[in-house]
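Visitor: sequence and predicted structure, then a few things I'm wondering about:
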Amino acid sequence: MSRPLYRGFSGSGGKDRCADEDRHYDPKEPAENGIGAGTAARGRKRHLAAAAARIGVLVLAAAALVGSVAWAGSLYAGRGAAAAMAAASAHRGYRRLQEQLVTDLLDIGVLAGGGLRSREAEVCAAEYENYVPCYYNGSDAVDVSDLGGGVVISYDRQCARDGRATCLVAPPRAYRTPVRWPSSKEFIWKDNVRISGHEFSSGSLFKRMMVEEDQISFPSDAHMSDGVEDYAHQIAEMIGLRNEFNFNEAGVRTVLDIECGFGTLGAHLFERDLLTMCIANYESSGSQVQITLERGIPALIGSFASKHLPYPYLSFDMVHCARCNVEWDKNDGGFLVEVDRLLRPGGYFVWTTSLNTHRALRDKENQKKWTTIRNLANNLCWEMLSQQDETIVWKKTNKRDCYSSRKSEPVLCAKSHDPESPYYKPLNPCIAGTRSKRWIPIEHRTAWPSQARLNSTELDIHGVTSEVFGEDTSTWDSMVRNYWSLLSPLIFSDHPKRPGDEEPQPPFNMLRNVLDMNAHFGGFNAALLKSGKSVWVMNVVPTNAPNYLPLIFDRGFIGVQHDWCEAFPTYPRTYDMVHADGFLSLEKRQKRRCSTLDIFLEVDRIVRPEGWIIIRDTAPLIEAARSVAAQLRWDARILDLDIASDEKLLVCQKPFLKK
């Protein structure tokens, strides 16, 4: 049974909050931020304080253990044999309590020790304002507009746990609170994203924008004769539907959009109850992913390169590529095999390209490419449904026996191959998933929105009982109601006015992009949608947790596997809220492969100024996490779940620090 939240607060009060708001900084003035003169002396003091804290914790732990031994010895000395046995039993029980005390003290020491090493985290230099650790390169500081129009710089993902910046990534000097959904579909603040000018010069359908004095606007269909609505209608007709409103009835809910431009198709399909995940290469300027997220549409840094994407097989109902820069004929067809891995049986691959036009096919090289791609699709048992203008639609087979009747590559994957957990593993050019119980044609699956409520047969595929799933559902329904009750009017769209702001014009929504660090079954996502909130959730399944990401996708949600000791594949300031339930306990069981401070620094990087962090966990870990939050200058409060509970809620807001 779920427990109501107890309206108890602790932590920084109004006075501390005001102090945080008045604490301004300039990343170009290191002396003001404690980065310049006196750093060495302060560093020596922090090291001494940290050492003293560790010694204090160990001394306290040792004293507790010595005390337990002395207590048991005194009992043994004053009693007979029976009493001695009772004393020994009591000693063992007390010893276990003391060992748990030592563990908790060490936990708090490791978590809070960072607070002694540094009273507050330092602020990164100005050139780090668009810092993406696994992709960041020193040449990013160069303005790519100086290199000539059309130049795109991209980097492969290279994650190293050592050498990452351990400072707070500051926003651009002219950064403003983002435009709220759904207005953000139409325009965003120009200074919130990094653009150089050449990235929207091509005028393609999904890269149309207008740059005005302080904003970037995205023309609506009313101003385009060949707009996205016509394009979506064309795709629907090509797969045999009356219009795009019938996608759900045909089993289409989740879409992977490769190099999505600026998310225009995803924004349109969202209104049709389709959830579109945009992926694109890391770009040092004019990022498709950064702009798409600023508009309030799901996006992630990712590419068809040398490694699998961090999604399980049979995840998406449709994969879309409109003039994306993927060379499908290269890599022995490995990129198309990766699309086949991600598509559900009966799913669609939509490709819009100028390669197969009559004019392009006059070139022999283009003819060769087109022939190679068409043959690869046939070898994957895909059926070409239709071809109109520059758009082609293939349908993945829903018959397993098609693969065994082929006489050509790619081969079927071996039984030992695990396509469910492909976390950035090298591409394997074999056909995966045919042996899975999840091999269910999209037209035979429960349509959205009933899809989110998996039945007992569907749950059995994932080894989850109806009772466990039902309890998880009711718990999150209750928790979301309590979140709204306790945290309004500041956090959610029920009361969107901030102190000092003018009354916003409806419609408005203060929460749009949400990331769940430990999503489990996706219950938080389901409860948000059930309560009628116009949000989308990036459900993250940690690599050291049970992998329920296939279940999350089967519910019609989106998500990704991720190792939280690495940087999350997104740009800074891209989420309104980060939520974590039981994440600290999960990391504790894994012997803390990385520090909590490092993980929280990454959370701070991806949360927008004035964004929220909600952490639910055991009381000792929450108390320790609050000290880490203080290092990051977060306004933090602890809420009791109820008087009898051993869990607490840490609610933090990232400050909007500016000069």
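Guide: That came through fine. Numbering: from 1, shown residues only.
Visitor: which helix or strand contains D257?
Guide: If you go by DSSP states H and E, D257 is part of strand 254-258.
Visitor: give me the mean pLDDT for that strand.
Guide: Strand 254-258 shows a mean pLDDT of 97.
Visitor: same question for stretch 637-657.
Guide: Stretch 637-657 comes out at a mean pLDDT of 87.
Visitor: now that stretch - C-alpha only, PDB.
Guide: Provided in PDB are the C-alpha atoms of stretch 637-657 (Å, rounded to 0.1, in the frame of the first residue of the first chain):
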ATOM      1  CA  ARG A 637      14.200  20.500   1.600                       C
ATOM      2  CA  ILE A 638      13.500  17.100   3.100                       C
ATOM      3  CA  LEU A 639       9.900  15.900   3.400                       C
ATOM      4  CA  ASP A 640       8.800  12.900   5.500                       C
ATOM      5  CA  LEU A 641       6.700  10.300   3.600                       C
ATOM      6  CA  ASP A 642       4.900   9.600   6.800                       C
ATOM      7  CA  ILE A 643       5.900   9.400  10.500                       C
ATOM      8  CA  ALA A 644       6.400   5.600  10.500                       C
ATOM      9  CA  SER A 645       8.300   5.400   7.200                       C
ATOM     10  CA  ASP A 646      12.000   4.900   6.900                       C
ATOM     11  CA  GLU A 647      12.000   6.700   3.500                       C
ATOM     12  CA  LYS A 648      12.200  10.500   2.900                       C
ATOM     13  CA  LEU A 649      11.900  12.800   0.000                       C
ATOM     14  CA  LEU A 650      14.600  15.300  -1.000                       C
ATOM     15  CA  VAL A 651      13.200  18.100  -3.100                       C
ATOM     16  CA  CYS A 652      15.700  20.500  -4.600                       C
ATOM     17  CA  GLN A 653      15.600  23.400  -7.000                       C
ATOM     18  CA  LYS A 654      18.500  24.400  -9.100                       C
ATOM     19  CA  PRO A 655      19.100  28.200  -8.700                       C
ATOM     20  CA  PHE A 656      19.200  30.600 -11.600                       C
ATOM     21  CA  LEU A 657      22.600  32.100 -11.000                       C
END
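Visitor: quick check: buried residues in it?
Guide: Going by neighbour count (16 or more other C-beta atoms under 10 Å), the buried part of stretch 637-657 is 637-641, 647-657. For every residue, glycine as well, the C-beta is placed using N, CA and C.
Visitor: now, these that are in strands?
Guide: Among those, the ones falling in strands (DSSP state E) are R637, I638, L639, D640, E647, K648, L649, L650, V651, C652, Q653.
Visitor: against A165, how distant is the first one?
Guide: Right, R637. Separation of R637 from A165 (C-beta to C-beta, to the nearest Å) stands at 28 Å.
Visitor: once you drop chain neighbours, what's closest to K395?
Guide: Excluding its sequence neighbours, the residue lying closest to K395 (C-beta to C-beta, 6 or more residues apart in numbering) is E383, at 4.8 Å.
Visitor: the one you found contacts I392, correct?
Guide: No: E383 is beyond contact range of I392, at 11.6 Å (criterion: C-beta atoms under 8 Å).
Visitor: of these two, which one has the most company?
Guide: In this view E383 and I392 are compared by other C-beta atoms under 10 Å, and I392 has more residues nearby, 22 against 12.
Visitor: what packs against whichever strand or helix holds the more buried one?
Guide: I392 is part of strand 391-395 when elements are defined by DSSP H and E. Counting contacts by 3 or more C-beta pairs under 8 Å, 6 or more residues apart in numbering; DSSP states H and E, strand 391-395 packs against helix 228-238, strand 343-352, strand 383-388.
Visitor: how far off centre is the last one?
Guide: Put plainly, it is strand 383-388. Put simply, strand 383-388 sits 34 Å off its chain's centre (C-alpha atoms, centre = their mean, to the nearest Å).
Visitor: most packed of the helices and strands packed on strand 391-395?
Guide: For the helices and strands packed on strand 391-395, the largest average neighbour count (mean count of other C-beta atoms under 10 Å) is found in strand 343-352, namely a mean of 24.
Visitor: direction included, what does the lengthiest strand in the chain pair up with?
Guide: Secondary structure assigned by DSSP E gives strand 607-618 as the longest strand of the chain. Here strand 607-618 has these sheet partners by DSSP bridges: strand 575-581 (parallel), strand 647-653 (antiparallel).
Visitor: T465 is nearest to which of those?
Guide: Relative to T465, the nearest member of those by C-beta to C-beta is strand 575-581, separated by 20.0 Å.
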